[in-house]
Structures are given as structure tokens and as C-alpha cells.
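Enquirer: Please work out how this folds:
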Amino acid sequence: MKVYNKKGLLAGIFLILLGLWGIVLDFRSPDSNTLVQIRDSIISIFLLLMGINSFWRAFSKKLQKRILLRNMMKEIV
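Expert: Okay, here's the model as predicted:
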């Protein structure tokens with residue numbers, strides 16, 4: 001598989017690791033306040049999903065062309 005977006009790949013890996021780290025911490029040392037624990041779990045899951053999305057998009061040639069086209073249009077305007 002070819003990587004078309006190296007920054008997206010690195011950002012995806014970082015977000016996945018951050019999300020996994022948050023989930024592990026949520027279960028290792030649970031907070032006494034249930035609402036805080038739920039909030040932290042939701043944030044960790046959101047980070048994990050964003051990381052997976054960014055990681056997946058880094059391998060898509062079609063999406064990379066769209067990003068390059070959008071950036072070229074911004075420079076013109």
C-alpha cells in the first residue's frame with residue numbers, strides 16, 4: 001500500500017495512540033465521579049475514531065487528489 005498523505009498518516013497514528021492511552025487510563029484508574037469517567041471515555045473514543053479516519057484517508061489516492069485540488073483552489077482565490 002502506498003501512503004499518499006504522510007502528515008495524515010502520522011496524525012492518525014498519534015490520535016489512535018492518544019485515544020488508546022485514554023481508554024486504558026479510564027479503565028486502569030477509574031474516577032470516582034461517573035460523569036467524568038463517561039466524559040473521558042467519550043473523548044477517548046472520539047480521538048480513536050478520528051485517528052482511524054485520518055489513518056485510513058492517508059492511503060486513499062482519490063481523497064488526496066481532492067485535498068490537493070482544494071488547496072490549489074484556495075491559493076487561486
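
Enquirer: residue boundaries of the helices in this protein?
Expert: 6-28, 34-57, 61-76 (DSSP state H).

Enquirer: could I get the ones you listed as JSON lines with mean neighbour count and mean pLDDT?
Expert: All C-beta spots, glycine's among them, are computed from the backbone N, C-alpha and C. Putting these into JSON lines (neighbours: other Cβ atoms under 10 Å; pLDDT from 0 to 100) gives the following:
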{"stretch": "helix 6-28", "mean neighbour count": "15", "mean pLDDT": "93"}
{"stretch": "helix 34-57", "mean neighbour count": "15", "mean pLDDT": "93"}
{"stretch": "helix 61-76", "mean neighbour count": "10", "mean pLDDT": "83"}
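
Enquirer: Could you find the closest non-adjacent residue to the residue most central in space within the chain?
Expert: The structure's the chain has its C-alpha centroid closest to G51; by Cα atoms, centre = their mean the separation is 2.1 Å. Nearest non-adjacent residue to G51, counting by Cβ to Cβ, 6 or more residues apart in numbering: L15, 3.0 Å away.

Enquirer: before we move on, what about I13?
Expert: F55 (6.5 Å).

Enquirer: How much space separates that neighbour from K6?
Expert: Distance of F55 to K6, given as Cβ to Cβ, to the nearest Å: 12 Å.

Enquirer: Same check on I38?
Expert: Taken as Cβ to Cβ, the span from I38 to K6 is 35 Å.

Enquirer: can you check S54 too?
Expert: Taken as Cβ to Cβ, the span from S54 to K6 is 12 Å.

Enquirer: next one: V77
Expert: With Cβ to Cβ as the criterion, V77 and K6 are 26 Å apart.

Enquirer: how about the residue nearest to G51, what does it touch?
Expert: Applying Cβ atoms under 8 Å, 6 or more residues apart in numbering, we find L15 in contact with L47, L48, M50, G51, S54.

Enquirer: And Q64, by the same measure?
Expert: Y4, N5.

Enquirer: surely I67 meets Y4?
Expert: No - the pair I67 / Y4 is not scored as a contact, 9.0 Å apart, by Cβ atoms under 8 Å.

Enquirer: What residue, apart from its backbone neighbours, is nearest F59 spatially?
Expert: Nearest to F59 is M1, by Cβ to Cβ, 6+ apart, at 5.4 Å.
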